[in-house]
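> Quick one: sequence plus predicted model below, questions after.
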Amino acid sequence: MLVRRFLFSHGFRYRIHAKTLPGTPDIALVGLRTCIFINGCFWHGHQGCSMYTVPKSNVEFWTHKIKRNQARDHESLLALKAQGWHTIEIWECQLLPKQRLKTLQGLLRTLNLIQLENSGATFTYHFDEEETFPSIAAESED
Ligand SMILES: [Zn+2]
């Protein structure tokens, strides 16, 4: 919701929970051919994140369930990329108040780059298909 409001206020228009796309992306910016997934750190198994800790009971059940979610996420991203979509993943922990501004600014920057790329502008930045959103956010220290 936070991300949606932010995008809307910056003039982006999108579809939500687009069931016709692999993985039912939370936000699909059709014009930019970009999908945004907002992942809960627990359910999607955010590696190295303090919000992802497997409960002490039923360890096998949870581990299996989360592994399955991760596999499904991975497949959705690959399927979208194969169809020419850009994909951006945002983690729940990146939207906590301390991280939020940096995350949203990084998102905006990423979308601007995609916009430029899609417009066919000659442009030295090569959008790395493997690059996921967190690595971009990590660079926005300025
Ligand atoms: Zn996290």
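In hand now; what should we look at? Numbering: from 1, shown residues only.
> which bits of this protein sit near the ion?
Applying Cβ under 5 Å from the ion, we find that the chain lies next to the ion at 41, 46, 49, 51, 91, 93. Any C-beta I mention is one placed from the backbone N, CA and C, and that applies to glycine too.
> what about the first one, which SS state?
Secondary structure assignment for Cys41 (DSSP: H, G, I helix; E, B strand; the rest coil): coil.
> so how far is Asn112 from the closest residue to it other than its chain neighbours?
Of all residues not flanking Cys41 in the chain, Met51 sits nearest, at 3.7 Å (Cβ to Cβ, 6 or more residues apart in numbering). As judged by Cβ to Cβ, to the nearest Å, Met51 and Asn112 stand 29 Å apart.
> Then Leu80?
Distance from Leu80 to Asn112, by Cβ to Cβ: 20 Å.
> Neighbour count for the two, which is higher?
Leu80 (21 against 12; other Cβ atoms under 10 Å).
> That one: what's it in contact with?
Leu80 is in contact with 21-23, 25, 35, 87, counting by Cβ atoms under 8 Å, 6 or more residues apart in numbering.
> rerun that using 7 Å as the cut-off
21-23, 35, 87 (Cβ atoms under 7 Å, 6 or more residues apart in numbering).
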